[in-house]
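Engineer: one predicted model, sequence on top.
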Amino acid sequence: MYGDNAVELLRELRRSAPHTIPAYNEDRVRQAVEEIHALFEEVRSTLQEFSDQKNEPAVAGSMVIQYEGILRNKRCVLAYLMERVKRLQLLRWDVGAVLPPELKESLSLQESEFFVQYSRSLNTYTRNVGIDLTTDLLPPKELYIEVRCLVDIGEIATEDGTVQLEEGSQHFLRRSDVEPLIRAGKLQHLV
């Protein structure tokens, strides 16, 4: 049936968690695009074959169905790609400029390039504005927070001096110093 591959792409995204990106399904995208080209050729051949009868209900109806199939496939493929781009943008704000390896594997080459360019644009903008927009996504309730190290990070420089962050250790640090590490999953905010 027209559009099955394109609709299945959207179902894959709906089944995945909102802040994750499933593996890019190149086969289904290619099949949907090939179906668009095949439907276009059918419309063109119908127009050539029945040029004098194109206003007949059967011929016109056939072309309308084929054309609507083209539009549906295009909308579904574009919605699939746009949703993946939106999720990439959200991930940039959540995890920072470096994607976890398991997420890198699920991206297409073009999506990886988009992520790099988006990160560069965001970094350039924050440098020009003079404020790091990615540090505090929500207004802080306290300046200092208690955190636990989930992995061995080593020594970091904070506004108050250097701190050695070893796995399992707990610290009371400025939120602005540790917010990126919390978002990267290296520190846990203790409430």
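Structural biologist: Structure received.
Engineer: for the longest helix seen in the chain, buried residues please.
Structural biologist: Using DSSP state H, we find that the single longest helix of the chain is helix 57-95. Of all the residues in helix 57-95, those buried under the rule 16 or more other CB atoms under 10 Å are 59, 63, 66, 69-70, 72-73, 76-77, 80-81, 83-85, 87-88, 91-92, 95. In this view, the C-beta of every residue, glycine as well, is placed from N, C-alpha and C.
Engineer: so what does that helix touch, helix or strand wise?
Structural biologist: Packing contacts for helix 57-95, counted by 3 or more CB pairs under 8 Å, 6 or more residues apart in numbering; DSSP states H and E, involve helix 4-15, helix 26-49, helix 109-129.
Engineer: ok, residues contacting the longest one?
Structural biologist: With CB atoms under 8 Å, 6 or more residues apart in numbering as the contact definition, helix 26-49 has outside contacts at 2-3, 5-6, 8-9, 12, 54, 59, 62-63, 66-67, 69-70, 73-74, 76-77, 80, 108.
Engineer: what about 7 Å?
Structural biologist: 5-6, 8-9, 54, 59, 62-63, 66-67, 69-70, 73-74, 76-77, 108 (CB atoms under 7 Å, 6 or more residues apart in numbering).
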